[in-house]
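# All I have is the shape, not the residue letters:
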């Protein structure tokens with residue numbers, strides 16, 4: 001006997017999206033914000049642990065290739081260290097956080113930004129990252145309505161936020177984030193209802209990579225030093241795959257102006273030296289998010 005319903009995953013997902021769209025608008029936004037806060041809490045784990053995991057992998061490869069080379073100093077983290085284990089703990093006293101101490105934003109406010117065991121101050125980056133992710137979820141819902149486009153747009157923003165924070169901390173954009181993001185952009189734009197046509201997405205991926213690759217070599221030939229890393233090429237290629245080639249000029253312009261302004265202020269306040277390299281990933285991410293939500297108004301402004 002044939003079933004009277006379509007058992008495919010796409011059918012169920014579409015039905016749940018339709019049910020979600022039928023909810024009151026306030027409930028939709030409430031759910032989006034809570035969902036964003038939870039994802040933001042996970043992003044804080046990714047930003048902290050992923051660089052350590054990658055460094056361990058690189059160190060293992062170097063030691064396997066050159067066993068006689070001097071051993072690097074061991075990191076202070078447990079032997080088993082990934083995105084799932086060990087449980088989150090205070091970096092000062094190693095107090096393992098209980099469930100009620102891990103509620104996004106709420107726990108930080110309830111504890112007044114301090115560890116419940118030793119009283120050490122907790123970095124405000126954690127709640128700020130969670131709040132930013134919640135805001136991005138709400139903006140995605142506002143810009144694209146309750147559907148696949150909003151979910152995809154939020155996924156792009158969340159990944160860009162994680163990559164931006166890692167780049168700011170380490171001056172490195174991991175391939176494990178940029179390359180899947182590139183392929184995800186091409187997949188999202190493969191059919192109808194994406195952010196760009198597939199032709200524009202493929203062209204954007206090519207143009208994004210080649211543009212910064214050319215800038216890199218021109219700067220190196222003129223100044224004799226590297227002006228940016230290869231991760232920036234890959235990130236802009238991923239952005240082009242999501243938003244299409246036509247959006248790249250505005251993304252780069254916003255990133256360049258914002259990066260220059262940040263560098264000037266940071267140098268003036270003696271937070272960094274003039275010759276110190278500035279991570280470009282956070283500004284590319286900001287330019288992409290702005291373009292995703294407001295389109296390309298700069299093109300109309302400049303005619």
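Alright, I've got the coordinates. Here the structure is a predicted model, which means the values were calculated and not measured.
# quick one, helices of the stretch 201-303 of the chain?
Here the stretch 201-303 of the chain has its helices, by DSSP state H, counting those that start in this stretch, at 230-243, 248-268, 281-294, 297-301.
# Apologies, that question was intended for the stretch 51-200 of the chain.
Under DSSP H, counting those that start in this stretch, the stretch 51-200 of the chain gives helices at 106-110, 125-144, 148-170, 175-188, 198-223.
# Save these as TSV, and put in mean pLDDT too.
Converted to TSV, these look like this (pLDDT from 0 to 100):
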stretch	mean pLDDT
helix 106-110	96
helix 125-144	97
helix 148-170	97
helix 175-188	97
helix 198-223	93
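# Among the ones you listed, which comes closest to residue 116?
helix 106-110 (9.1 Å; CB to CB). Using the backbone N, CA and C atoms, a C-beta is placed for each residue, glycine as well.
# name the helices or strands packed onto that closest one?
Helix 106-110 is packed against helix 125-144, with contacts defined by 3 or more CB pairs under 8 Å, 6 or more residues apart in numbering; DSSP states H and E.
# thinking again about what came up before, can you put the helices of the stretch 51-200 of the chain in JSON lines and add mean neighbour count?
Supplementary listing: these in JSON lines, determined by neighbours: other CB atoms under 10 Å:
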{"stretch": "helix 106-110", "mean neighbour count": "15"}
{"stretch": "helix 125-144", "mean neighbour count": "20"}
{"stretch": "helix 148-170", "mean neighbour count": "21"}
{"stretch": "helix 175-188", "mean neighbour count": "18"}
{"stretch": "helix 198-223", "mean neighbour count": "17"}
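# Redo these as JSON lines? Include distance to residue 246.
Shown next, in JSON lines, are those (distance: least, CB to CB, whole Å):
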{"stretch": "helix 106-110", "distance to residue 246": "41"}
{"stretch": "helix 125-144", "distance to residue 246": "18"}
{"stretch": "helix 148-170", "distance to residue 246": "17"}
{"stretch": "helix 175-188", "distance to residue 246": "14"}
{"stretch": "helix 198-223", "distance to residue 246": "7"}
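# Let me know which of those is the nearest to residue 261.
Among those, helix 148-170 comes nearest to residue 261, with 15.5 Å by CB to CB.
# Extract the residue ranges of the protein that are flagged as low pLDDT.
The chain contains residues with pLDDT under 70 at 1-12, 274-275, 302-303.
# okay, now the domains of it?
15-146, 176-303 (automatic domain parsing).
# Tell me which of these is the most buried.
Counting by mean count of other CB atoms under 10 Å, domain 176-303 has the highest mean neighbour count of these, with a mean of 18.
# ok now it, how far from the chain's centre?
How far domain 176-303 lies from its chain's middle: 13 Å, per CA atoms, centre = their mean, to the nearest Å.
# To residue 59, which of the helices of the stretch 201-303 of the chain lies closest?
Evaluated with CB to CB, the helices of the stretch 201-303 of the chain place helix 230-243 nearest to residue 59, the distance being 19.2 Å.
# What is the closest one packed up against?
helix 148-170, helix 175-188, helix 198-223, helix 248-268, helix 281-294.
# could you measure residue 108 against residue 252, distance?
35 Å (CB to CB, to the nearest Å).
# again but with residue 206, I slipped
15 Å.
# what do you get for residue 242?
Here the distance between residue 242 and residue 252 works out to 15 Å (CB to CB).
# now swap in residue 98 and tell me
Residue 98 is 45 Å from residue 252, where distance means CB to CB.
# What of residue 115?
Relative to residue 252, residue 115 is positioned 42 Å away (CB to CB).
# just residue 173 next, same as before
16 Å.
# hmm, back to that, in TSV: the helices and strands packed on helix 230-243, plus distance to residue 230.
Compiled in TSV, the helices and strands packed on helix 230-243 are given as follows (distance: least, CB to CB, whole Å):
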stretch	distance to residue 230
helix 148-170	12
helix 175-188	9
helix 198-223	8
helix 248-268	17
helix 281-294	12
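# Among those, which comes closest to residue 57?
Of all the helices and strands packed on helix 230-243, helix 175-188 sits nearest to residue 57, with 9.9 Å by CB to CB.
# what's the offset of the closest one from the middle of its chain?
Computed by CA atoms, centre = their mean, the chain-centroid distance of helix 175-188 equals 12 Å.
# Which elements pack onto that helix?
Taking 3+ CB pairs under 8 Å, 6+ apart as contact, the helices and strands that helix 175-188 lies on are helix 25-65, helix 148-170, helix 198-223, helix 230-243.
# how does it look with 7 Å?
Applying 3 or more CB pairs under 7 Å, 6 or more residues apart in numbering; DSSP states H and E, we find helix 175-188 packed against helix 148-170, helix 198-223, helix 230-243.
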